[in-house]
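**Q** Sequence and computational prediction follow.
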Amino acid sequence: MVTTTQGDVWWAEAEDKRRPVLVVTRTEAIPVLSWLVVAPITRTIRGIPTEIALGETQGLTVDCVAAFDNLQPIRKTFLTTLVGSLADPRSEICRALGALADC
């Protein structure tokens, strides 16, 4: 069983695809859910408000971003390897979600 919290960076594997993702689902809900909302992580950095910058501090080998314009649900069981986490996940995730919803 996968144990994770909001703001964790994981490698996710499904259907022969492997990519890093950022867990967006709130920590309190994770134990009772089978599916989580994640932001895919990409090396394409646009510098827009719906991105969260990531890199070595979060356990990744290159500078990249979590892309909140592409949020997606995935099965919790698809999370395979914990890479790292955000230092202040709630404020960074709330900022990106606010930009996504234009709040």
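**A** Ah, there it is.
**Q** where's residue 60 relative to residue 15, distance?
**A** Counting by Cβ to Cβ, to the nearest Å, the gap from residue 60 to residue 15 is 23 Å. In short, each C-beta sits where N, CA and C put it, glycine included.
**Q** More neighbours: which of those two?
**A** Comparing residue 60 with residue 15 by neighbour count (other Cβ atoms under 10 Å), the higher total belongs to residue 60, at 16 against 5.
**Q** Just confirm residue 45 contacts residue 64, I think it does.
**A** Yes. Assessed by Cβ atoms under 8 Å, residue 45 is found in contact with residue 64 at 6.9 Å.
**Q** what helix or strand does the residue nearest the centre of the chain sit in?
**A** Central residue of the chain (Cα atoms, centre = their mean): residue 22, 1.1 Å from the mean position. Assigned by DSSP states H and E, residue 22 belongs to strand 17-23.
**Q** List the buried residues for that strand?
**A** Neighbour-count burial for strand 17-23 flags 20-23 (criterion: 16 or more other Cβ atoms under 10 Å).
**Q** Over to stretch 50-67?
**A** Neighbour-count burial for stretch 50-67 [16+ other Cβ under 10 Å]: 50-52, 54, 58-60, 64-67.
**Q** And the furthest pair within these?
**A** The span of the buried residues of stretch 50-67, defined through Cβ to Cβ, is set by 50 and 59 at 22.0 Å.
**Q** ok, the buried residues of stretch 50-67 vs residue 95, which is closest?
**A** Nearest to residue 95 among the buried residues of stretch 50-67 is residue 52, at 8.0 Å by Cβ to Cβ.
**Q** Isn't the closest one up against residue 65?
**A** Yes. Assessed by Cβ under 8 Å, residue 52 is found in contact with residue 65 at 6.2 Å.
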